[in-house]
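Q: what would the 3D arrangement of this be:
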Amino acid sequence: MAYINPSPGVADKQVTLTIDIASDASDLTQSSPITVPALQDITINAANDVFTWSQLDSTAKKQIATTSTNSVSMNIVVDPTTFFGTTVGDDGTGTVAAQGLMGLSRNKELINFIIRVQQDATDYFVKGVGYITGLAPTLSADAPVWVTPITITVTGEYTVANT
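A: Predicted structure coming up:
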């Protein structure tokens, strides 16, 4: 399970991230997902691009929002089974658990994800489809466990729900 606790000292309020293989860019169903353990932090980025232009009859520039670039970035402590998968070297034919995070990235698998934020009496969900990128495991004397950043580059929009 994820270890992020948005309400310190209250164990029943956590943030979890589950990942499964998606059949296409609209597939948000999860049949055999894995839960990414040991989340250190998570950032949900929804950055709208803006087109800017100048007009001769105005003293200020004009702007309009265009398509957005969505991504989810996080840092995790590397869990060998989740990171490398249950079948090391899986060529992309196995399940999400068999491939692991490294295999999903290497095999360029389209994945779907669900971020669940437990708050009070309501759970909030952010769902989407994308690709795992940005893996860079590191180890240092100051952090004697493997940690890695992970980015999910989202293809399309987020779905936000509270059920």
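Q: any idea how far residue 49 is from the residue in the chain sticking out farthest from the centre?
A: For the chain, the residue at maximal distance from the C-alpha centroid (Cα atoms, centre = their mean) is residue 57, at 44.6 Å. Distance, residue 57 to residue 49, by Cβ to Cβ, to the nearest Å: 25 Å. In this view, the C-beta of every residue, glycine as well, is placed from N, C-alpha and C.
Q: which pLDDT does the model give the residue farthest from the centre of the chain?
A: Looking at residue 57, its pLDDT is 92.
Q: again, but for residue 3
A: pLDDT for residue 3: 50.
Q: go on, residue 67?
A: 88.
Q: how much space between it and residue 147?
A: Counting by Cβ to Cβ, the separation of residue 67 from residue 147 is 32 Å.
Q: more crowded one of these two?
A: residue 147 (16 against 9; other Cβ atoms under 10 Å).
Q: that one: what's it in contact with?
A: Taking Cβ atoms under 8 Å, 6 or more residues apart in numbering, we find residue 147 in contact with 40, 75, 76, 77, 78, 137, 138, 139.
Q: okay, and for the protein, where does confidence drop off?
A: Across the chain, the ranges flagged by pLDDT under 70 are 1-13, 119-120, 163.
Q: what packs against the lengthiest helix in it?
A: For the chain, the helix with the greatest residue count under DSSP state H is helix 96-106. Counting contacts by 3 or more Cβ pairs under 8 Å, 6 or more residues apart in numbering; DSSP states H and E, helix 96-106 packs against strand 15-21, helix 80-84, strand 122-133.
Q: so after it, what's the next helix or strand?
A: Going down the chain from helix 96-106, the next helix or strand is strand 111-119, by DSSP states H and E.
Q: make a markdown table out of the contacts of residue 147 and add secondary structure and neighbour count.
A: Formatted as a markdown table, the entries for these read as follows, by DSSP: H, G, I helix; E, B strand; the rest coil; neighbours: other Cβ atoms under 10 Å:
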| residue | secondary structure | neighbour count |
| --- | --- | --- |
| 40 | strand | 14 |
| 75 | strand | 14 |
| 76 | strand | 25 |
| 77 | strand | 15 |
| 78 | coil | 19 |
| 137 | coil | 12 |
| 138 | strand | 10 |
| 139 | coil | 12 |
